[in-house]
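*Asks:* Just to be clear, the model below is a prediction. Sequence and coordinates:
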Amino acid sequence: MKQSDSTPPPGGGASFLPGPPIDRTRWDGWQRYRSSRDSFVPAQILSSAEYARKSPRQRRIHDLHRLATHSSLPVQATPMSEAVAWLVRTRIEDGAFSHKVGTRTGVMVNGGGAQGKTETVCEALAGFEDEWLMLNQQVNPDAMPGTRDLLAPVAYVRCPVKATPISTCQRILDFYGEDYKGMRLEDLVRTVSTAIVEHATKALVIDDITRLKLHREADQDVLDLIREMMSMPVTLILVGVGIPTSGLLRDGRRDPVTKQWLFPPVKDRGRSPNAHAATQHERRFELIDLDPFSYDTPEQIGAWTAHLRGLESYLRLLNDTDGMLTTAGMPEYLFRRTNGVVGLLEKLIQTGCRHAIQSGGERLTVDVFNQCTVSPTDLPDLDAASGEQPTIPPFAPKPRKKGRNSVFDDDGPAAESAG
Ligand SMILES: Nc1ncnc2c1ncn2[C@@H]1O[C@H](COP(=O)(O)OP(=O)(O)OP(=O)(O)O)[C@@H](O)[C@H]1O
Ligand SMILES: [Mg+2]
């Protein structure tokens, strides 16, 4: 599917410049993400001839817009992400529209690093919030106008590296901008619970939950915190790498019929802020895996190729990009390079496009990709200690053929037109 490629970006071509970084873990950042997530306008599609007719300055701007386009490849629906998004959205809606107490089934999204968990869940949440706000006409029926309560149907937080129950609660309160100075864990949990109600939050996502380490002495605090949160009036979405082996499910048991995880209410150890916890029903969780692409059956190969075809339409090279990623053994080659992990594929394509533009070749080929590697430093946001680094298939870049060195030393059209 092609975008509205011929529309020049408004504002004289500079609107593709990113604004200040968006921090989705704060209410205002989340709102910016939600409202701007579909607003990026890709660079125009130009042929070599059209490009050549531009002034050096226009070419430079176009090259930067191409760079922005390749750095903002779309998050596309895949069969795996659709299954996760459907479950997340369904469970949030079940909880949000229910008038009963204690019926919220949570979701745990499990998968390896860079497989799209965060983007899939954020997109599902943003879609829910768009619709919920529309329904509520952007007015919180539970909050008085002019009070300090802001309407936050969705709260998204990430566990910090080496997270503890205290720092996790603090991150949740940071989302709302609530003060927590000097609070002990019990007060923090109580304040989180109050914030969820006051801001009318329907879905709380805790991303990178497996950064919460189960150390022997603090074990029970972590498990208690999660169960405390399960008893709050919100659909809880926990996202992490290796959830089944993390120990987080230790207090739960699997219902053999529904396959859901059942957790008993938190035992009142004399410090529970939730006085009714002991009388509550057990809480249910669905555990869903977000898998990478596979390449065994015709359907799987078809899905991978369709994903590549989608990305292909966002490539802004001066040669027609149709088929550039989907023909001549390319799907199989790219699968071998990435193990079907969307985040690795994205990085490989971005690097390949940069090479293709700098060399002037303006084409993605196996030869170009052979010059590109993806390394853990290309994925800086991941905590290796929490198992978040995906396995990058080993790949030895081929030495450049003699006589071709100059191609890659060439300043290329980008630099040429800059001068
Ligand atoms: N469905 C998709 N289509 C295309 N690109 C995607 C898709 N999902 C994710 N990506 C890209 O892959 C990269 C990794 O995605 P994301 O951060 O969501 O992975 P993750 O599973 O949350 O990783 P981690 O476990 O490290 O947190 C992102 O840069 C994102 O743009
Ligand atoms: Mg993530």
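*Replies:* Perfect, I can see it now. Remember, it's a predicted structure, so these values are computed and weren't measured experimentally. Numbers count the residues shown, from 1 in each chain. Ligands and ions are numbered 1, 2, ... in the order given.
*Asks:* On the three-state scheme, the residue in the stretch 251-400 of the chain that ligand 1 sits nearest to is what?
*Replies:* The nearest approach of the stretch 251-400 of the chain to ligand 1 comes at residue 343, 3.1 Å away (Cβ to the nearest ligand atom). Just so you know, the C-beta spots here come from the backbone N, C-alpha and C atoms, and that holds for glycine as well. The three-state label given to residue 343 by DSSP: H, G, I helix; E, B strand; the rest coil is helix.
*Asks:* In contact with it, which residues?
*Replies:* Residue 343 makes contacts with 113, 114, 115, 116, 379, 390, as judged by Cβ atoms under 8 Å, 6 or more residues apart in numbering.
*Asks:* and with 6 Å instead?
*Replies:* Contact analysis of residue 343 by Cβ atoms under 6 Å, 6 or more residues apart in numbering lists residue 114.
*Asks:* what about the residue in the stretch 1-150 of the chain that ligand 1 sits nearest to, how many neighbours?
*Replies:* Closest residue of the stretch 1-150 of the chain to ligand 1, Cβ to the nearest ligand atom: residue 116 (2.7 Å). Residue 116 has 21 neighbours, counted by other Cβ atoms under 10 Å.
*Asks:* Surely it is in contact with residue 342?
*Replies:* Yes. Judged on Cβ atoms under 6 Å, residue 116 makes contact with residue 342 at a distance of 4.7 Å.
*Asks:* ok so, going back, and the pLDDT at the residue of the stretch 1-150 of the chain closest to ligand 1?
*Replies:* For residue 116, the pLDDT comes out at 95.
*Asks:* From residue 85, how far out is it?
*Replies:* 10 Å (Cβ to Cβ, to the nearest Å).
*Asks:* just residue 206 next, same as before
*Replies:* 18 Å.
*Asks:* Tell me which of those two has more neighbours.
*Replies:* residue 206 (24 against 21).
*Asks:* Pull the contacting residues for the more buried one.
*Replies:* By Cβ under 6 Å, 6+ apart, the neighbours of residue 206 are 157, 238.
*Asks:* On the three-state scheme, the residue nearest to residue 170 when sequence neighbours are not counted is what?
*Replies:* Of all residues not flanking residue 170 in the chain, residue 180 sits nearest, at 5.7 Å (Cβ to Cβ, 6 or more residues apart in numbering). Three-state call for residue 180 (three-state DSSP): coil.
*Asks:* Residue 180: what's it in contact with?
*Replies:* Counting by Cβ under 6 Å, 6+ apart, residue 180 has contacts 170, 173, 188.
*Asks:* again, only this time at 10 Å
*Replies:* Residues in contact with residue 180 (Cβ atoms under 10 Å, 6 or more residues apart in numbering) are 166, 169, 170, 172, 173, 174, 187, 188, 191, 192, 195.
*Asks:* any idea of the pLDDT on the last one?
*Replies:* The model reports residue 195 with a pLDDT of 94.
*Asks:* Which strand or helix spans it?
*Replies:* helix 185-198 (DSSP states H and E).
*Asks:* That helix: which residues count as buried?
*Replies:* 185, 188, 189, 190, 191, 192, 193, 195, 196, 198 (16 or more other Cβ atoms under 10 Å).
*Asks:* same deal with stretch 33-53?
*Replies:* Within stretch 33-53, judged by 16+ other Cβ under 10 Å, the buried ones are 33, 34, 37, 40, 41, 42, 43, 44, 45, 46, 51.
*Asks:* Am I right that the fourth one is in contact with residue 16?
*Replies:* Yes. Contact status for residue 40 versus residue 16: in contact at 7.1 Å, counting by Cβ atoms under 10 Å.
*Asks:* Between these two, which contacts overlap?
*Replies:* Residues touching both residue 40 and residue 16 (Cβ under 10 Å, 6+ apart): 9, 68, 69, 71, 72.
*Asks:* The third one belongs to a strand, doesn't it?
*Replies:* No. Secondary structure of residue 69 (three-state DSSP): helix, not part of a strand.
*Asks:* Tell me who's in contact with it.
*Replies:* 3, 16, 40, 41, 42, 43, 44, 314, 315, 316, 353.
*Asks:* Run through the residues that contact residue 195.
*Replies:* So residue 195 contacts 149, 152, 155, 169, 172-173, 175-178, 180, 201, 204, 232 (Cβ under 10 Å, 6+ apart).
*Asks:* Check the spacing between it and ligand 1 real quick.
*Replies:* 25 Å (Cβ to the nearest ligand atom, to the nearest Å).
*Asks:* Inside helices: which ones of the contacts of residue 69?
*Replies:* residue 353 (DSSP state H).
*Asks:* just the contacts of residue 69: which has the poorest pLDDT?
*Replies:* Per-residue pLDDT puts residue 3 lowest of the contacts of residue 69, at 38.
*Asks:* pLDDT below threshold where in this structure?
*Replies:* Counting by pLDDT under 70, the chain contains low-confidence ranges at 1-15, 101-103, 137-149, 215-218, 267-280, 380, 397-419.
*Asks:* Now do the contacts for residue 129.
*Replies:* 30, 31, 34, 35, 92, 151, 152, 153, 154, 156, 202, 203.
*Asks:* again with residue 291
*Replies:* Taking Cβ under 10 Å, 6+ apart as the test, what residue 291 contacts is 78, 79, 80, 81, 83, 84, 110, 111, 112, 115, 340, 341.
*Asks:* Give the burial count for the fourth one, as a bare number.
*Replies:* What that stands for is residue 81. 23.
*Asks:* still on that earlier bit, following element in sequence after the helix holding residue 195, please.
*Replies:* Using DSSP H and E, the helix or strand that directly follows helix 185-198 along the chain is strand 203-207.
*Asks:* Quick one: buried ones out of the contacts of residue 291?
*Replies:* Looks like these have 78, 80, 81, 84, 110, 111, 112, 115, 340, 341 buried, using 16+ other Cβ under 10 Å.
*Asks:* Strands - which of those residues land there?
*Replies:* residue 110 (DSSP state E).
*Asks:* before we move on, back to that, for the shared contacts of residue 40 and residue 16, work out which two are farthest apart.
*Replies:* Of all pairs drawn from these, the greatest distance, 15.0 Å, lies between 9 and 71 (Cβ to Cβ).
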